[in-house]
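**Student:** 3D model of this:
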Amino acid sequence: FASSSSSFSSSTSSTTITTTAPPTYRQMEELIQTSDIILVSGGNTQYALDTWRHLGLDSLLKRAALEEDKVICGGSAGAICWFDGGHSDSLDPETFRESMLEKWGGKEGGHDDGIGVGVDVGDGVEDRAKKEEGKPRSRYFNQSNDDGSSPTSGNGNGGDDEDEDEDFAQNPEQQQALPKSMTQTQQQQTRQRQQQTQSQKSWPYIRVPALSILPGLLCPHYDRIQSNGVPRMVDFNDMMLRHPKELGIGIDHYAALVVEGEDFRVLHVEGEKGSVTYDGIENDGDDHCDRSTHDVEGASDILGKGVPGVWIKYVDDHGMVQSKVCPKKGKVRDLLQMVKDPERDLVIDERVELCRVLNPIPMD
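**Tutor:** Just a heads-up that it's a prediction; the model follows:
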């Protein structure tokens, strides 16, 4: 289960089905039964899971993983889906179905009022949800799990950002007054930071309920900042406080968690940066963590100073989020913990319904 999408090659054959109509239950069942590996790409997690549940694919995937001994894997949304839930960017308007169809030239054009393009899901989002709630849903279109892209640190925005920056620069009322003692270079740098802040989106991360094949609340791209300007590692701590009974798992962008039977391993891409720094002390083959960037103020300034890894998080009896680096290998029973009472302890994020209103799946 990795944060970033990956590719692989083998001697086995693969089957690809492209359709503009929903597959039948029998078609999906036959495809899964004849497969050895099920790889789920990245995309809008909430939209994908809602679509699977609507088609009955969720039950087929659970059976494949738990009863048929298939290899299940995936990156980003494709990693979240196998756990109890995940730290998701499903409220990012750029990942909405209509936006992706417009971006990649889908057969259905965008909504005539621009729904899904540049929607501000911060202030006034409930009013927007009520406005969209009564609109009819369009017909089914298979969009292949969006684009599977992995946003990196920085702004990462598309669409109208250049225009927004230009408007900001030309409108003095939008600019904050700067001290006259600043040099011209300092003023220019400050203006650039203001423009970047102005262009960042205000959408929030949400907890998306997933298939519960593996226990835990998963955060992919743990060491990254997306277009809302919020480091995922920082926001994940806040999410843990809202869901204190769950075990948190943070996977850096270039790291992966491999579960094989009773054992697990942590892998990472050599030469890439991540959030784990070490003091170099050896203990049974594992390094000790020297510090975690998410425990340091100004995390966004020191991201990418370590190596990629996996973090385990929990909320202690004092209501504090505790974090530790996942060992490089070990027993699954020592790593993953199921909640005692799922109906009570797996708290539903109320914004999931908002996400469904703003980015509904086609029901026809």
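
**Student:** for residue 50, helix, strand, or coil?
**Tutor:** helix (DSSP: H, G, I helix; E, B strand; the rest coil).

**Student:** isn't it right next to residue 356, touching?
**Tutor:** Yes - with contact defined as C-beta atoms under 8 Å, residue 50 reaches residue 356; the gap is 6.5 Å. Where C-beta positions appear, they are placed from N, C-alpha and C, glycine not excepted.

**Student:** these two: who's more crowded?
**Tutor:** Between residue 50 and residue 356, counted using other C-beta atoms under 10 Å, residue 50 has the larger neighbour count: 20 against 16.

**Student:** do you know how far the nearest residue to that one once chain neighbours are set aside is from residue 333?
**Tutor:** Of all residues not flanking residue 50 in the chain, residue 361 sits nearest, at 4.9 Å (C-beta to C-beta, 6 or more residues apart in numbering). Note on residue 361: its distance to residue 333, by C-beta to C-beta, to the nearest Å, is 36 Å.

**Student:** all helices of the stretch 201-350 of the chain, in order?
**Tutor:** Along the stretch 201-350 of the chain, counting by DSSP state H, counting those that start in this stretch, helices occupy 232-242, 299-302, 332-335, 342-345.

**Student:** comparing these, which comes out most buried?
**Tutor:** helix 232-242 (a mean of 20; mean count of other C-beta atoms under 10 Å).

**Student:** low-confidence stretches in this structure?
**Tutor:** For the chain, the stretches flagged by pLDDT under 70 are 1-20, 106-182, 186-187, 189-200, 278-304, 364.

**Student:** let's see that with 90 instead.
**Tutor:** 1-23, 68-69, 99-202, 226-227, 229, 276-306, 336-348, 362-364 (pLDDT under 90).

**Student:** what about the strands in it?
**Tutor:** 37-40, 71-74, 83-88, 206-209, 214-219, 248-251, 255-260, 263-268, 276-283, 286-292, 310-315, 321-325, 329-331 (DSSP state E).

**Student:** quick one: contacts of the fourth one?
**Tutor:** In other words, strand 206-209. Contacts to strand 206-209, defined as C-beta atoms under 8 Å, 6 or more residues apart in numbering, come from residues 45-46, 49, 80, 84-88, 90-91, 217, 239, 242-243, 346-349, 351-352, 355.

**Student:** and those, which of them are buried?
**Tutor:** Listed as buried from these are 45-46, 49, 80, 84-88, 90-91, 217, 239, 243, 346, 349, 351-352, 355; burial here means 16 or more other C-beta atoms under 10 Å.

**Student:** ok, the closest residue in space to residue 308 that isn't next to it in sequence - contacts?
**Tutor:** Leaving aside its chain neighbours, residue 308 sits nearest to residue 274 (3.2 Å; criterion: C-beta to C-beta, 6+ apart). Counting by C-beta under 8 Å, 6+ apart, residue 274 makes contact with 223, 252-255, 268, 304, 306-309.

**Student:** mind checking the end-to-end distance for stretch 202-213?
**Tutor:** Criterion C-alpha to C-alpha, to the nearest Å; first-to-last residue distance in stretch 202-213 is 32 Å.

**Student:** so how far is residue 329 from the nearest residue to residue 42 once chain neighbours are set aside?
**Tutor:** The shortest distance from residue 42 to any non-neighbouring residue, by C-beta to C-beta, 6+ apart, is to residue 76 (3.3 Å). From residue 76 across to residue 329, the span is 24 Å (C-beta to C-beta).

**Student:** of those two, who's got more company?
**Tutor:** residue 76 (30 against 12).

**Student:** pull up the gap between that one and residue 247, please.
**Tutor:** From residue 76 across to residue 247, the span is 20 Å (C-beta to C-beta).

**Student:** ok, now residue 104?
**Tutor:** 36 Å.

**Student:** do the same with residue 325
**Tutor:** Distance, residue 325 to residue 247, by C-beta to C-beta: 15 Å.

**Student:** and residue 183, by the same measure?
**Tutor:** From residue 183 over to residue 247 (counting by C-beta to C-beta), the distance is 50 Å.
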